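> Build me a model from this:
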Amino acid sequence: MSAPQTILSVEDTPENRNLVRRILESEGYRVVDAVNALEGIEKAVEIHPDLILMDINLPDLDGFTAVTRIRSYAHLKTIPILALTARTVGDDRERAKAIGCDGYLNKPIDFDELVSEVARHIAVGHKDEGAVTQREYYLHEQNVTLIQELERKFKELQVAYDRLKHLEEAKSNFISVASHELRTPLTVIHSYTQMLQMLPGVSADAGARELLDGVAQGVARLQEIMNDMVSVIRVELADQSREFAPVSIRSVIKGVKIEQMKKLSDRQLAIETDVANNLPMVSGDAKQLHSALARIVGNAVKYTPDGGQIKVSAYLCDNVDGDDQSFIQIVVTDTGVGIAAEKQKMIFEKFSTAEDVALHSTSKTQFMGGGAGLGLTIAKGVISAHNGRIWVESEGYDKENLPGSRFYVLLPAQ
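As a prediction, this is how the structure comes out:
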């Protein structure tokens, strides 16, 4: 018995790929799949199929480019290639024929047409259109050279992407292990500190009390950092226990304001809230939305000098980017140092800060106080989990003129 004829199907959509496979395997063909153009080119060279089905809309190179590259290999010049596409561009059929395709099938795929066209073109094979002019030959050679360069660049980018992905996974794993390993000794130190503070000899000694209070504050700060590390990992893994229910943004803002009052008072910072009347509810987790907004306001506190002002506004927005969905927009405005333009996107990434960490103070609540650089990352993760958006606007960083910053949050209204 002769081996079944091999069809290479280059298709990025799983549903179409599986449909083609089922149809052709039911007709006795062997089907090899490729999910993008580069993989299709590599597999064509490797398996030398009897026919290639080439989708035109592919995520890396388009199908026409892939066909041009395949035809540049001497041993693949005679393989029939059928173009498949859902596009309705008028000259696609002529373009497919010009670059070396033997047929053109429209999506959605017709069962009978696919089977008959595959059988016919395997039987007939590929036929050249005849001699090409010297100009056409040179243009073809130039196209192949350009495609080879694109292939090389795509492969370099894939290697770089894989390496970055590996480093990101390694960093997350390290954070996870480090945070959990540090929690146990911190709990022990915290417990023993509390027991020491209760000893009669210590409670009567002002110096000893001051030293132990310092230890307790340091432990509490480290526990905050550990909790932030765990929170950012949970955001990335999307494993937070979310209990979505109607949430009042007015109540969230009020709760954050009350929570921040001690820090604001210590720093002589004024906070103003401006919440529109009759705001609709949002669907979400009240605790997580409180946490996200508290981190944004806390960031404003950190980068606003003593005596400055912070304002939290909320109002209803319609027709955002042409979307019929209504949104509640929250704006946190401060009179702080601002953020340099090149850092306005980076501040939402892990461990990123708007200021050189070497200039940070050791206090989290002091002006320019230090931090792990996870607060805004967690806030962005929470907002994204609520199908919202967060971004920042600032005229730049200026510690003297204090241009301030404005953080925007959009949440879908119910």
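> from here on, contacts and neighbour counts on C-alpha atoms
OK.
> would you list every one of the strands in this structure?
For the chain, applying DSSP state E gives strands covering 6-10, 30-34, 51-55, 81-85, 103-106, 245-247, 270-275, 282-284, 309-317, 327-334, 389-394, 405-412.
> All the helices of the stretch 51-200 of the chain, in order from the start?
If you assign secondary structure with DSSP state H, counting those that start in this stretch, the helices in the stretch 51-200 of the chain sit at 63-71, 92-99, 111-124, 134-198, 200-203.
> Check those for me and report the most buried one.
Taking mean count of other Cα atoms under 10 Å as the contact definition, the stretch among these with the greatest mean neighbour count is helix 63-71, which reaches a mean of 22.
> Outside of it itself, list whatever touches it.
Residues outside helix 63-71 that contact it (Cα atoms under 8 Å, 6 or more residues apart in numbering) are 37-38, 40-41, 44-45, 54-57, 76-77, 81, 83, 96, 99-101, 143-144, 147-148.
> If any of these are buried, put those into a PyMOL selection.
Applied in PyMOL, the following selects the buried portion of the contacts of helix 63-71 according to 16 or more other Cα atoms under 10 Å:
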select buried, resi 37+38+40+41+44+54+55+56+57+76+81+83+96+99+100+101+143+144+147
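> just to revisit the earlier point, quick one: closest of the helices of the stretch 51-200 of the chain to residue 227.
Shortest distance between residue 227 and the helices of the stretch 51-200 of the chain, using Cα to Cα, is found for helix 134-198: 7.9 Å.
> and the closest one, how far out from the chain's middle?
Relative to the mean C-alpha coordinate of its chain, helix 134-198 is positioned 13 Å out (Cα atoms, centre = their mean, to the nearest Å).
> How about stretch 329-346?
Relative to the mean C-alpha coordinate of its chain, stretch 329-346 is positioned 20 Å out (Cα atoms, centre = their mean).
> residue ranges with poor pLDDT in this structure?
Low-confidence regions of the chain, defined here as pLDDT under 70, cover residues 1-2, 87-91, 129-140, 171-172, 175-176, 178-179, 228-243, 322-323, 350-366, 368-373.
> care to break it down by domain?
When the chain is parsed with automatic domain parsing, its domains come out as 6-130, 163-237, 245-412.
> Figure out which of the ones you listed is closest to residue 152.
Between those, domain 6-130 lies closest to residue 152; by Cα to Cα that is 10.1 Å.
> Can you give me the buried ones in stretch 20-36?
With burial defined by 16+ other Cα under 10 Å, the residues of stretch 20-36 counted as buried are 20, 21, 23, 24, 29, 30, 31, 32, 33, 34, 35, 36.
> TSV for those, including distance to residue 114?
Listed next are those as TSV, based on distance: Cα to Cα, whole Å:
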residue	distance to residue 114
20	9
21	11
23	8
24	8
29	13
30	15
31	14
32	16
33	16
34	18
35	19
36	21
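> quick one: which of these is nearest residue 195?
Checking those against residue 195 with Cα to Cα, the nearest one is residue 35 at 62.7 Å.
> who are the neighbours in contact with the closest one?
10, 11, 12, 13.
> So what pairs up with residue 332 in the strands?
For residue 332, the beta-bridge partners are residue 312, residue 407 (DSSP bridges).
> count of neighbours near it?
Here the count is done by other Cα atoms under 10 Å, and residue 332 has 22 residues near it.
> Residue 155 versus that one, what's the distance?
Distance of residue 332 to residue 155, computed by Cα to Cα, to the nearest Å: 43 Å.
> Also residue 28?
Using Cα to Cα, which is the criterion applied here, residue 28 is 35 Å from residue 155.
> In a markdown table, list the strands of the chain along with distance to residue 216.
Rendered in a markdown table, the data for these read as follows (distance: least, Cα to Cα, whole Å):
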| stretch | distance to residue 216 |
| --- | --- |
| strand 6-10 | 62 |
| strand 30-34 | 59 |
| strand 51-55 | 64 |
| strand 81-85 | 66 |
| strand 103-106 | 70 |
| strand 245-247 | 35 |
| strand 270-275 | 29 |
| strand 282-284 | 35 |
| strand 309-317 | 30 |
| strand 327-334 | 31 |
| strand 389-394 | 35 |
| strand 405-412 | 33 |
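> so which of the ones you listed gets nearest residue 263?
Closest approach to residue 263 among the strands of the chain (Cα to Cα): strand 270-275, 10.5 Å.
> Could you list the buried residues of that closest one?
Under 16+ other Cα under 10 Å, the buried positions of strand 270-275 are 270, 271, 273, 275.
> and if you look at stretch 333-351?
Residues of stretch 333-351 classed as buried under the neighbour-count rule (16+ other Cα under 10 Å) are 333, 334, 335, 336, 337, 338, 339, 340, 344, 347, 348, 350.
> export it as CSV, just CAs?
As requested, the backbone C-alpha atoms of stretch 333-351 are provided in CSV (Å, rounded to 0.1, in the frame of the first residue of the first chain):
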residue,chain,number,x,y,z
THR,A,333,-4.6,64.7,41.0
ASP,A,334,-1.6,65.9,43.1
THR,A,335,0.6,68.9,43.3
GLY,A,336,3.8,66.8,43.4
VAL,A,337,7.0,66.5,41.5
GLY,A,338,5.4,65.0,38.4
ILE,A,339,6.7,62.1,36.3
ALA,A,340,9.1,62.3,33.4
ALA,A,341,7.5,61.4,30.0
GLU,A,342,9.8,58.4,29.4
LYS,A,343,8.7,56.9,32.8
GLN,A,344,5.0,57.4,32.5
LYS,A,345,4.4,53.9,31.1
MET,A,346,7.2,52.2,33.0
ILE,A,347,5.8,53.1,36.5
PHE,A,348,3.1,50.4,36.1
GLU,A,349,5.8,47.7,35.7
LYS,A,350,7.2,45.7,38.6
PHE,A,351,9.9,47.4,40.7
